[in-house]
Every structure is written in C-alpha cells, then in structure tokens.
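[1] Structure of the sequence below:
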Amino acid sequence: LQIKNEKEARDLHKQKISVAVVVQKMIESEKSGIAFSVHPVTQDRNQLIIEASLGLGEAIVSGQITPDSYVIEKHPRRIIDKNVQTEEQILTDTEILKLSELILKIENHFGFPCDIEWAFEKGKFYIVQSRAITTLNIENNEKPKIEYKNNSLKQILTKVFGQRKIIFEKI
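    Below you'll find the predicted structure:
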C-alpha cells in the first residue's frame, strides 16, 4: 500500500485492509534435523538422506555440530547406511522409516526434490520447512514451479487468507 498524500492517509480508515499473521506452535523438539528427498552429494534419485541431532535444529543448520546421518533407499524402502556420531543413534530405525515416508509424501506433493527441516516432539514428527533442493543438476522439465498440483499459489493464498484458515498444520 503506497500513500501518495495527506488526504489519502486520512481516508485509510474508510478502506478495508487485511493483514495476514502466521501463528505457529513452538516445537520444543527432543530431536530435529534436515532431510533431502534426493541424496545431495551422489544425486542418486533412489536415495534420500536424513540428518539428526538432539534438541533444536539450529546447531545442524548453522554447522556447529556434525549430526547423525542416515541414507534410505526409496525402492525397496530400506536403510542402507548409518553414520552415528555418538554411541547411540539419535533416531531409531522405526523413526527413520516413518520420517522417510513423510519426506516422500512431500516430494510427491510438490513434484520436485525437497530440502526439509523437521522436528520431533512427544512421539510426533513436525515439518517446519520445505523447499526445493537448489544444488542438484536438474533437467529443464523438473525445475520447481511455484504451483500446487491443482491450484495456483495465488488461488491457494486467496482461499486460505480469505477464509482465515490455517496454512501450516502438523503432519
């Protein structure tokens, strides 16, 4: 909104102005980390990788610690490599496979490889961010589009904000 003069400023109270505010629950994560739906180093599209640490994910994202890492084969679904940094692995095998399912659902939803930040609290996984992996050698027809399968982003934002619905939900 650009105000051009004093009269326009005084007339603002006559206009309906909408403001969107995102309110999210703070996750007091016991475990957290990042995941890539395509292995970012080997670029093997049949592998995904999960990195995990105890507590909040900031230490991994900022590079302050070396997390556990787990490589999962997509088809057949199985853990093929573990690199544990302490005596005990952060995620159990069951948790690794459960998180793998969520990662693949996100990749299938968007239709391109994703870089995902996650948190784990009281037995539940929460996805706190998802975006395209920008470091892959991607073919032209696979470039991320800001569009969902059936609706454009503009239609979704109008629907969400116009009806005051929740945008982000726990998975």
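
[2] can you pull the contacts of the residue positioned nearest the centre of the chain?
    Centroid check for the chain by CA atoms, centre = their mean gives residue 130 as the closest residue, at 2.2 Å. Neighbouring residues of residue 130 by CB atoms under 8 Å, 6 or more residues apart in numbering: 106, 110, 114-117. Every C-beta, even on glycine, is put in place using the N, C-alpha and C of the backbone.

[3] Counting neighbours, which of the residues you listed comes out on top?
    Highest neighbour count within the contacts of residue 130, by other CB atoms under 10 Å: residue 114, with 24 neighbours.

[4] Neighbours of the closest residue to it other than its chain neighbours, how many?
    Nearest residue to residue 114 in three dimensions, chain neighbours excluded: residue 37, at 4.7 Å (CB to CB, 6 or more residues apart in numbering). Neighbours of residue 37 under the rule other CB under 10 Å: 26.

[5] so where do the strands sit in this structure?
    Secondary structure of the chain (DSSP state E): strands located at 31-36, 47-54, 68-73, 78-83, 114-121, 124-132.

[6] from the middle of its chain, how far away would the second one be?
    Its chain's average C-alpha position is 13 Å from that of strand 47-54, according to CA atoms, centre = their mean, to the nearest Å.

[7] what about this protein, any weak spots by pLDDT?
    Counting by pLDDT under 70, the chain shows low-confidence ranges at 1-4, 6-15, 17, 137-171.

[8] Show me where it has its helices.
    Remark: helices assigned in the chain by DSSP state H are 6-10, 58-61, 93-110, 153-162.

[9] Which strands and helices lie in contact with the longest one?
    What it means is helix 93-110. strand 47-54, strand 68-73, strand 78-83, strand 114-121, strand 124-132 (3 or more CB pairs under 8 Å, 6 or more residues apart in numbering; DSSP states H and E).
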